[in-house]
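# curious how this folds, go ahead:
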Amino acid sequence: MSGRAGVLRDGRGASAPRLVSLVSFVAAAAACGGSGGASGPPPERGTLAAGTVARVGQEEVNEGTVSRIASSQRVDVAAARDLAIRDALFASEARSRGASNDPELERRVSAALARRLLHQLLADADRQGPVTDAELERVMARRWIELDRPEGFRTVHAVVRFAENADDATRSRAEVVARAIREAVLPVGASARTIARPQAAHPFEDVNDPVVASFRSAVDGVDKDGFEIVVETLAPVTADGRVIRPEGGTLVESFARAASALGARGETSPLVPTSYGVHVIVLLERTPAESVPLEERRKLVREEVVWGRASAARSKLLEGLRRGVLVERSAESLLALVPIER
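Down below sits the predicted model:
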């Protein structure tokens, strides 16, 4: 065959036939490795330690190995035992021929052993039992929105800004401006009670609430007396200042308390001083609380807790093992000379 099809068939070069031959050889060896295809003298019989079914030189074949082979290859235990013996014989001969000194093989064995150890750490973590109160509390600090979300208060506000070290005269002038803003937005709040807030697709989505535009317009009509006035629509905040959104965050506690004191959509706060300035707040929405029952929480966080236990054990183990590591002082300069195959 010529053309592209020929390239696809023969493009691997002379190594392709050798690869096929090697695969065929290994498959044939596996096929004759069971009890039915065994050759050579029968193995010696003797008494071994409990749980050991055969010994090959210094290596022992145990019941667990035979069981796993029988299960994975779907053969009887006698055939599985003979397969294990065959593998041990070949492995012993490979070591005697120096095959075990291959750096790539050593790397793969090390990686497999490391993964095995990590699996053991995970199993140990799982055996430590149910989620404790302390473990649950640590997870809840991160997942409170999902598992125990308090009532929230979505607001729009205007703040008359001044420096934190502003003098009393400046603060008094800012309060005058803030009072004017409050008077200007009171009618907006009153009308908001008759205007339904558009429904969001999900709890954290902000929507184009018409009340916000009316609020901003009312604020724009107030004499600013040289102050910077910032108008913002805020995500729902809890009474203790936590912002109810996936990325988290907090608001000044005095602001959060004032927002949580507002009872219904459109209600306007008194003046609220903070380190940022003087605020006027209008409530847009109260978002309902949602709480998962305690025992259900434990079930939902168990996997995360087990992984956390295993991760802590891994870090502790690694910290101890690293004490025995010695790195060449000039390692960086030496490593820079190491060729990398790409």
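# run through the bridge partners of residue 230.
Counting by DSSP bridges, residue 230 is bridged to residue 159.
# my read: it touches residue 158, true?
Yes: with contacts counted by Cβ atoms under 8 Å, residue 230 reaches residue 158, the gap being 7.1 Å. In short, each C-beta sits where N, CA and C put it, glycine included.
# who's more crowded, those two?
With neighbours defined as other Cβ atoms under 10 Å, residue 230 and residue 158 compare such that residue 158 has more, 26 against 13.
# what sits against that one?
Going by Cβ atoms under 8 Å, 6 or more residues apart in numbering, residue 158 touches 178, 181, 185, 215, 219, 229, 230, 231, 279, 280.
# residue 107: which of those is nearest?
Of all these, residue 107 sits closest to residue 230, with 58.8 Å by Cβ to Cβ.
# tell me the pLDDT at the closest one?
Note for residue 230: predicted pLDDT of 97.
# and it, how close does it get to residue 250?
Distance, residue 230 to residue 250, using Cβ to Cβ, to the nearest Å: 18 Å.
# thinking again about what came up before, of the contacts of residue 158, which is the most crowded?
Busiest of those [other Cβ under 10 Å] is residue 280, holding 30 neighbours.
# contacts only, for residue 305.
Contact partners of residue 305, counting by Cβ under 8 Å, 6+ apart, are 131, 135, 136, 139.
# can you confirm the second one is in a helix?
Yep, that's residue 135 we're talking about. Yes: membership of residue 135 in a helix is supported by DSSP: H, G, I helix; E, B strand; the rest coil.
# name the element the closest residue to it other than its chain neighbours belongs to?
Sequence neighbours aside, residue 305 is the residue nearest to residue 135 in space, at 4.8 Å (criterion: Cβ to Cβ, 6 or more residues apart in numbering). Using DSSP states H and E, residue 305 sits within helix 294-322.
# quick check: the residue nearest to residue 135 vs residue 195, distance?
Residue 305 sits 46 Å away from residue 195, taking Cβ to Cβ as the criterion.
# which residues touch stretch 145-155?
By Cβ under 8 Å, 6+ apart, the list of residues contacting stretch 145-155 from outside reads 140, 233-240, 242, 244-246, 256, 259-260, 262, 281-292, 297, 300-301.
# report the buried members of the residues you listed.
When those are checked for burial by 16 or more other Cβ atoms under 10 Å, the buried set is 233-239, 242, 244-245, 256, 259-260, 262, 281-287, 292, 297, 301.
# and the strands in the protein?
Ranges of strands in the chain, per DSSP state E, are 52-56, 59-62, 148-149, 152-161, 229-237, 272-274, 277-287, 290-291.
# so which residue is smack in the middle of the chain?
Geometric centre of the chain, nearest residue: residue 304, 8.8 Å, by Cα atoms, centre = their mean.
# residues in contact with that one?
So residue 304 contacts residue 139 (Cβ under 8 Å, 6+ apart).
# please name the nearest non-neighbouring residue to residue 255.
Using Cβ to Cβ, 6+ apart, the closest residue to residue 255 is residue 274 (5.6 Å).
# ugh, wrong one, residue 218
Ranked by Cβ to Cβ, 6+ apart and with sequence neighbours excluded, the top spatial neighbour of residue 218 is residue 184, at 4.3 Å.
# how far away is the residue nearest to residue 135 from residue 127?
Distance from residue 305 to residue 127, by Cβ to Cβ: 13 Å.
# in contact with residue 227, which residues?
160, 161, 162, 173, 174, 177, 277.
# go again with 6 Å.
Contact analysis of residue 227 by Cβ atoms under 6 Å, 6 or more residues apart in numbering lists 160, 174, 177.
# who wins for neighbours among those residues?
Neighbour counts for the contacts of residue 227 peak at residue 160, which has 29 neighbours (criterion: other Cβ under 10 Å).
# pretty sure that residue contacts residue 278?
Yes: look at residue 160 against residue 278 with Cβ atoms under 6 Å: they come within range, at 4.8 Å.
# shared neighbours of these two, anything?
By Cβ under 6 Å, 6+ apart, residue 160 and residue 278 have these common neighbours: 174, 178.
# quick check: the gap between residue 210 and residue 266.
Per Cβ to Cβ, residue 210 is found 12 Å from residue 266.
# repeat that for residue 88.
Distance, residue 88 to residue 266, using Cβ to Cβ: 81 Å.
# same question for residue 69.
74 Å.
# return the helix or strand in the protein with minimum mean pLDDT.
Across the helices and strands of the chain, mean pLDDT, DSSP states H and E gives its lowest value to helix 4-10, namely a mean of 37.
# and the pLDDT for residue 160?
pLDDT for residue 160: 97.
# I misspoke; the intended subject was residue 58.
69.
# how about residue 46?
The model reports residue 46 with a pLDDT of 65.
# before we move on, what about residue 179?
For residue 179, the model assigns a pLDDT of 97.
# grab the nearest non-local neighbour of it.
Nearest to residue 179 is residue 271, by Cβ to Cβ, 6+ apart, at 6.7 Å.
# correct me, but that neighbour touches residue 178?
Yes: between residue 271 and residue 178 there is a contact under Cβ under 6 Å: 5.1 Å.
# residue ranges in this protein under the pLDDT threshold?
The model of the chain has pLDDT under 70 over residues 1-46, 58, 202-204, 327-342.
# helices of that one, start to end?
4-10, 15-31, 63-73, 77-96, 103-126, 133-147, 168-192, 210-220, 253-260, 294-322, 331-335 (DSSP state H).
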